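In: give me coordinates for this.
(one chain, ligands or ions: 1)
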Amino acid sequence: MSINEQNASELELQHVHNVYENIASHFSETRQKPWPNVVKFLSKAVIGSIILDVGCGNAKYFTDTFNIFQLGCDRSRQLAEICRTRNHQVFNCDCLQLPVRSNCIDFCISIAVLHHLATPDRRLKALTEICRVLTVGGQALVYVWAKEQKRNSSLSTYLKQSKTNKINTETLNEGQSNKNYHINQIKVDLPVHTNRSNFIHNDLLVPWKLNQKKLEGNDPKTHLRYYHVFEETELRLLCEQIPNCKIVDYYYDQGNWCIIFEKLI
Ligand SMILES: C[S@@+](CC[C@H](N)C(=O)[O-])C[C@H]1O[C@@H](n2cnc3c(N)ncnc32)[C@H](O)[C@@H]1O
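Out: Prediction:
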């Protein structure tokens, strides 16, 4: 069976939401450094602006500024809790249905979140929600993982961090397509990606190794996160379906496709 509207939410529950709940503190430890082009986008905010970070993770894009109102939301309770211990205003929700009034957010970011939604309709719904909450003239920046991890002959940071690729950038570590994982409850088979290798498939499971050895004396536990990696035009084509949305910029940044759009009316 393939991924469809019926099994997509169950797939996301098991292989996105449950995984983030389990890896939250380890994930947070590894996510400290903000990406420069996201920071540049957020620097457009002026005194009194309202910023919303959809799928904010550990709130790494929040700053100490007191005259800009920063809000975040995430499906993961554990990650939202980590944000709250840092005194950030973060609430739990699904990006498919933002509990936010229309027309009230000046700047919205959603970084590395939409690639966890399992169908094109769900990805479009999330983008439409972001557009709905923006003020007229408000802008959003969305990043998603790109299927293309090599561009203009340079490797993305993701591939560069592979020991094999560091040694020889000509012969890239190829993704493995033969190891499939069967998700019992929804009867879907998805390939398990080899970390730091090229993507062969568009829908896949990416392992996250949680080292619990010290805690429990067990082997490291591996969690499988579902990803849809985007091809070059996909994100732009989705945004073009939103009637009151104008694309301001579309670019590739370190293995991600990135879009800035503005709400028109
Ligand atoms: C790769 S992390 C990115 C976190 C953060 N944006 C960053 O750049 O560090 C993906 C985040 O999206 C959240 N997420 C995944 N699916 C979501 C959904 N349907 N609704 C809201 N948040 C979601 C996860 O809980 C996780 O915090």
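In: what about the closest residue to the ligand within the stretch 51-200 of the chain, how many neighbours?
Out: Closest residue of the stretch 51-200 of the chain to the ligand, CB to the nearest ligand atom: Gly57 (2.7 Å). Placement of C-beta: from N, CA and C, glycine included. Gly57: 23 surrounding residues under other CB atoms under 10 Å.
In: ok, now the one 5 residues further on?
Out: For Phe62, the count of nearby residues is 21 (other CB under 10 Å).
In: enumerate the residues of the protein near the ligand.
Out: 16, 20, 31, 55-57, 60, 74-76, 79, 94-96, 111-113, 116 (CB under 6 Å from any ligand atom).
In: so for stretch 68-88, mean pLDDT?
Out: In this model, stretch 68-88 has a mean pLDDT of 97.
In: mind listing the helices for the stretch 1-150 of the chain?
Out: With DSSP state H, counting those that start in this stretch as the criterion, the stretch 1-150 of the chain has helices at 5-12, 18-30, 36-42, 77-85, 120-133.
In: tell me which residues of the shortest one come out buried.
Out: Read it as helix 36-42. Residues 37-38, 41-42 are the ones in helix 36-42 that count as buried (16 or more other CB atoms under 10 Å).
In: these: which two are farthest apart?
Out: Asn37 and Leu42 (9.9 Å; CB to CB).
In: on that earlier part again, which among the buried residues of helix 36-42 gets closest to the ligand?
Out: Distances from the ligand to the buried residues of helix 36-42, taken by CB to the nearest ligand atom, are shortest for Val38, at 7.6 Å.
In: the closest one is in contact with Ala112, isn't it?
Out: No: at 10.1 Å, Val38 does not count as touching Ala112 under the criterion of CB atoms under 8 Å.
In: return every residue with contacts to both of those two.
Out: Taking CB atoms under 8 Å, 6 or more residues apart in numbering as the criterion, Val38 and Ala112 both touch Tyr143.
In: and Leu96, how many neighbours?
Out: 16.
In: any idea how far Val16 is from it?
Out: To Val16, Leu96 is 12 Å away according to CB to CB, to the nearest Å.
In: same question for Leu205.
Out: Using CB to CB, Leu205 is found at 10 Å from Val16.
In: repeat for Lys160
Out: For Lys160 relative to Val16 (CB to CB), the value is 26 Å.
In: the more surrounded of these two?
Out: Val16 (21 against 15).
In: got the contact list for the more buried one?
Out: 75, 116, 225-226 are the contacts of Val16 under CB under 8 Å, 6+ apart.
In: okay, the residues you listed in CSV with neighbour count next?
Out: Listed next are the contacts of Val16 as CSV, based on neighbours: other CB atoms under 10 Å:
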residue, neighbour count
Arg75, 20
His116, 25
Arg225, 19
Tyr226, 25
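In: buried residues in the longest strand anywhere in the chain?
Out: Ranked by residue count under DSSP state E, the longest strand found in the chain is strand 134-145. By 16+ other CB under 10 Å, the buried positions in strand 134-145 come out as 134-135, 138-145.
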